[in-house]
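> make a model of this:
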Amino acid sequence: MSTKITVLSWNFENNGGGDSAKRLQAHERLVSLSPHLVLRQEMWRADTDGNAILYELESVLGMRSWLGPESCTAIFADPRFFHPVREWPKPGPMWVLPPTALTMRYLPAGSDAIPLALASYHLNYASSTNRAAEAEWLSTWADKKWTTPQGETVRMPCLVAGDNNSYPVPGIEGDPVLPVLNEIKDRPHRLHRSFIGPDGTRVMDTRPDEALRTAGLEDVARHWSAKHGDKAAVSRTVNASQTHGPDSRIDRVYATTDLLDAVTGVDVIEVPEELSDHHIVRVTLDGDRLADVLNQQPSALEPLVSP
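As a prediction, the model looks like this:
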């Protein structure tokens, strides 16, 4: 029987805000979901006292950890299944909250398999202009190269996840509707989540989603929902609020198309508002199919030069 690989993405609000009991409760909730990869956002102060909080969470999860620059993001991996090949400590010049990016080998695929490009990210909260640039830089992880044992250079399959602080392009049944700009009561938030469109009026910001999907990074929840009619895949990840508007799907997982056949499910694990302002996104993968993708012949992978 194939192993089910569970990937979780969660923006745990303010990393618990210094409340160690809350932080423990949050990560025990993650443990209950039996993850193999956890992509975390808002890892504030995890680097203090020599990364003490990071290693505390590593111990709770029973996973190895990597903390991104400025304690914005992190990746946790089950060392029985994933092993790092390299880190990417300089993700590009535009980031306000830099991502954690790794090249990671999926061990069951074997030592000759192509590794994965992984990133946990958090797009800028206040500036749609900056988010657009950050999304463009994020797309470079879908363009990371690997040289096979046969000497051929290929693009690595890629999976990235995080807080987009923006909305998916409408078009999938069940996706939370876009907010109406003038119905958002918090005036600064109207600015933060919109941009001036071609006709000179403000529109809600969907540009990061459009940019990533243009680059070949598919919204995994969108793909799963469209293919299987599963509306749960596109459930809210942030609850409605009086100031910020209706339910929204701010947190998303993106993957290159070669990984989509390995996906076996997408859902959202809701957590109480007193624990965090974001819910947990869960993606499950078939381990055998994942290994098959990583062992494909170079000719079967996305070409380096499009025809």
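> quick one, helices of the protein?
20-31, 48-61, 128-138, 187-192, 207-214, 220-228, 287-294 (DSSP state H).
> out of those, which gets nearest to Met104?
Set against Met104 and scored by CB to CB, these come closest in helix 287-294, at 10.7 Å. C-betas here are computed from N, CA, C, even on glycine.
> contacts for the closest one next, please.
Residues outside helix 287-294 that contact it (CB atoms under 8 Å, 6 or more residues apart in numbering) are 2-5, 81, 106, 108-110, 113-116, 157, 258-259, 261-262.
> out of those, which end up buried?
If you count burial by 16 or more other CB atoms under 10 Å, the buried members of the contacts of helix 287-294 come out as 5, 81, 106, 108-109, 113-116, 157, 258-259, 262.
> if we can go back for a sec, among the contacts of helix 287-294, which ones are in strands?
Lys4, Ile5, Tyr106, Leu116 (DSSP state E).
> just to revisit the earlier point, dump the helices of the chain to a markdown table, plus mean pLDDT and mean neighbour count.
Formatted as a markdown table, those follow (pLDDT from 0 to 100; neighbours: other CB atoms under 10 Å):
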| stretch | mean pLDDT | mean neighbour count |
| --- | --- | --- |
| helix 20-31 | 98 | 16 |
| helix 48-61 | 97 | 16 |
| helix 128-138 | 97 | 21 |
| helix 187-192 | 97 | 15 |
| helix 207-214 | 98 | 19 |
| helix 220-228 | 98 | 20 |
| helix 287-294 | 98 | 20 |
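> nearest to Ile280 among the ones you listed would be which one?
The closest of these to Ile280 is helix 20-31. By CB to CB, the value is 7.3 Å.
> name the helices or strands packed onto that closest one?
Under the contact criterion of 3 or more CB pairs under 8 Å, 6 or more residues apart in numbering; DSSP states H and E, helix 20-31 touches helix 48-61.
> run through the stretch 51-200 of the chain and note the low-pLDDT ranges.
For the stretch 51-200 of the chain, applying pLDDT under 70 flags no range at all.
> cutoff 90 now
Applying pLDDT under 90 to the stretch 51-200 of the chain flags the ranges 89-94, 150.
> re the thing from before, so which of the helices of the chain comes closest to Val85?
With CB to CB, the closest approach to Val85 among these belongs to helix 287-294: 12.2 Å.
> got a list of what Ala101 touches?
Counting by CB under 8 Å, 6+ apart, Ala101 touches Gly68, Glu87, Trp88, Pro91, Ala117, Leu118, Ala119, Ser120, Trp141.
> run a quick neighbour tally on the nearest residue to the second one once chain neighbours are set aside.
So the one you mean is Glu87. Nearest non-adjacent residue to Glu87, counting by CB to CB, 6 or more residues apart in numbering: Leu102, 5.7 Å away. Counted with other CB atoms under 10 Å, the neighbours of Leu102 add up to 22.
> swap in the one 5 residues further on?
Leu107 has 15 neighbouring residues, counting by other CB under 10 Å.
> so how far is Met94 from it?
Counting by CB to CB, to the nearest Å, the gap from Leu107 to Met94 is 34 Å.
> related to what we said a few turns ago, for Arg155, see how far away the residue nearest to Glu87 is.
16 Å.
> cool, Val283 as well?
20 Å.
> so those two - more neighbours on which side?
Val283 (25 against 20).
> so the more buried one touches Lys4, yeah?
No: counting by CB atoms under 8 Å, Val283 does not reach Lys4; the two are 10.8 Å apart.
> residue contacts, the most centrally placed residue in the chain?
With distances taken as CA atoms, centre = their mean, the residue of the chain nearest its centroid is Ala161 (0.5 Å). Residues near Ala161 by CB under 8 Å, 6+ apart: Val7, Ser9, Leu39, Ala119, Ser120, Tyr121, Asp251, Arg252, Val253, Tyr254, Val281, Val283.
> just the buried residues from those, in ChimeraX please.
To isolate the buried subset of the contacts of Ala161 in ChimeraX, counting by 16+ other CB under 10 Å, use the following:
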select :7,9,39,119,120,121,251,252,253,254,281,283
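> make JSON lines out of the contacts of Ala161 and add distance to Leu290.
Output for the contacts of Ala161, formatted as JSON lines (distance: CB to CB, whole Å):
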{"residue": "Val7", "distance to Leu290": "10"}
{"residue": "Ser9", "distance to Leu290": "17"}
{"residue": "Leu39", "distance to Leu290": "16"}
{"residue": "Ala119", "distance to Leu290": "17"}
{"residue": "Ser120", "distance to Leu290": "19"}
{"residue": "Tyr121", "distance to Leu290": "21"}
{"residue": "Asp251", "distance to Leu290": "22"}
{"residue": "Arg252", "distance to Leu290": "20"}
{"residue": "Val253", "distance to Leu290": "14"}
{"residue": "Tyr254", "distance to Leu290": "16"}
{"residue": "Val281", "distance to Leu290": "18"}
{"residue": "Val283", "distance to Leu290": "11"}
